[in-house]
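Q: One predicted model, sequence on top.
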Amino acid sequence: MPKRSRSRRFRGTPRHCLPRQQTTSSDPPVAVVMEETESSRSHVFTASQRIVEQSLLSEEDLVEEMGDATQRSTGFRLIDLQCISEAMSRLHMCEGGSIAVTDEGKYNGLSCQLAFECTKCGKITSMSTSKKKKRSHEVNVRAALSMVELGLGREAFSRISCIFGMPSPSVQSSWEMHNKNIANVCESACDKQYIAAGEKLRGVLQLDDDSIADDTIIDVTADDTIIDVTVSYDGTWHHRGVQSSHGVGVVMSVDTGEILDAVVMSNSCEICEKTPKDKNSSEYQEWKTDHKAKGKCLRSHEGPSSTMETAAAKIIWSRSIAKHKMRYTKILCDGDNKTLQALNEMKVYDVAIDKLEYVNDIHKRTGTGLRNMLKSFNATIWQRCPKERYFGTAAVKRAVALSVLNWNIGCGGLLSVLESLGLPVNTFTKKALVLKDKKRKRTASERSSAVEKRKIGRVRGSLAGL
């Protein structure tokens, strides 16, 4: 049987795409041949280009509207009431006149200049919609912090501004500067909270010590005794699998349920990747050495992502004495014993580190509850750095710091960040944070009640079968 020839793919122009020609009924059909030229191949519109070309808005019209004070003075603005109060104290209005409010067209991110003009004499009183803190306007810092808490960025706030008809947020470079300042403040507050959590744990353990009299006043800050504690440890990744760029190791106290320490591991550095240099050149190697020596390189891990959990544990255990005057000698952790084995091979202490075993059902239920608490804490990290999007190492560290503050001290965490940034806290902020903590307690209580009801139901079911 003869072999069938492979049909060739049609590479011409479809007939329905050919230009129609005016012909009479007596004219014979004419074949049309279209030649593909270099210019026709290069002139290809993408979907985005086609949409932009068909847009009803033009840049020329926008420039013209921005120059019109009437068009500019519409929409919404984020205004500090204290700025209005100060402007009203300077306001001039003649008898029989009125006040016309216009946008002067001077913008610094979300902050803008408003003019209050007396319609009778023309005298103008100007005001800024936001106070300035050092180099930045307060409204721009608050906008950046709000997006950090929501796990979003500048583009998200730009959409909000668009819908409300407000000025756009700070340019990208300024926005990144705000994020950097927020990260520094959050990490500093988090380090203080680690110390406070350690002191609280020491106090709890000393209160449980029967050898200490009840009326003894203990200064835990002055106690340099190294004590052994039991902790729960877990690792979490930004993405599942071995392709995750970031991983976090977290250690939680079994006695207090507070986070004692956390470490972010990363196998990438945004600064290194964005440097436009030949990676094989001697100039790049010299820059990279200096980059690492100055502590600016954000890459902290070499190897697959699966080993980040063990690497983070080594860092956490090696600094437990220096940070808390404590030894984490018992670990409550699931999975295999790779982390425990690595720590014992490292010989961080002069005693062995043991894995906490469940000796009865009560211990097992307690251990399960602690494991769930750690999982819940890990989820709060990725709420601020959603797994669906890419985030750099600095953003993950910032998210971890905010999550630790929120987990350990609730609304007090964000309050400390606002105060450190020099942002005043008013009644509405306090009310929102108190309600958030109240909801958190109520949710935890409801979950606990639901678990207890299921346990009682199982017990009754087992008794009924007897």
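A: Nice, I can see it. None of these values were measured; they are calculated from a predicted model.

Q: Low-confidence bits of this protein, can you list those?
A: The model of the chain has pLDDT under 70 over residues 1-45, 49-58, 209-222, 241-242, 276-277, 334-336, 357-369, 448-466.

Q: Quick check, central residue of it?
A: Centroid-nearest residue in the chain: residue 384, 3.5 Å away (criterion: C-alpha atoms, centre = their mean).

Q: can you map out the strands along this structure?
A: Secondary structure of the chain, counting by DSSP state E: strands at 99-108, 111-118, 124-128, 132-133, 136-137, 227-237, 246-253, 259-266, 326-332, 354-355.

Q: what's the closest of those to residue 398?
A: Nearest to residue 398, of all these, is strand 259-266, at 9.7 Å by C-beta to C-beta. Placement of C-beta: from N, CA and C, glycine included.

Q: circling back: the residue nearest to the centre of the chain: what's it in contact with?
A: 148, 149, 150, 151, 398, 399, 402, 403 (C-beta atoms under 8 Å, 6 or more residues apart in numbering).

Q: Restricted to helices, list those residues.
A: Within the contacts of residue 384, residues falling in helices by DSSP state H are 148, 149, 150, 398, 399, 402, 403.

Q: Surely the fourth one touches residue 183?
A: Yes: between residue 398 and residue 183 a contact is recorded at 4.1 Å, counting by C-beta atoms under 8 Å.

Q: how much space between residue 119 and residue 97?
A: 5 Å (C-beta to C-beta, to the nearest Å).

Q: When these two are compared, which one has more neighbours?
A: Using other C-beta atoms under 10 Å as the criterion, residue 119 and residue 97 rank with residue 97 on top: 15 against 12.

Q: Verify the contact between residue 354 and residue 332 for me.
A: No: applying C-beta under 8 Å as the test, residue 354 and residue 332 come out as separate, 10.5 Å apart.

Q: what about residue 324, neighbour count?
A: Neighbours of residue 324 under the rule other C-beta under 10 Å: 22.

Q: about what we covered before: if any of the ones in helices among the contacts of residue 384 are buried, give me the PyMOL selection for them.
A: Only the buried entries of the ones in helices among the contacts of residue 384 go into this PyMOL selection, using 16 or more other C-beta atoms under 10 Å:
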select buried, resi 148+149+398+399+402+403
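
Q: Could you give the bridge partners of residue 128?
A: For residue 128, the beta-bridge assignment (DSSP bridges) gives partners residue 113.

Q: Please tell me how far it sits from residue 167.
A: In terms of C-beta to C-beta, residue 128 sits 12 Å off from residue 167.

Q: list residues touching both of these two?
A: Shared contacts of residue 128 and residue 167 (C-beta under 8 Å, 6+ apart): 111, 112.

Q: What's the local residue count around residue 329?
A: By other C-beta under 10 Å, neighbour count at residue 329 equals 17.

Q: Could you tell me how far it is located from residue 290?
A: Distance of residue 329 to residue 290, computed by C-beta to C-beta: 41 Å.
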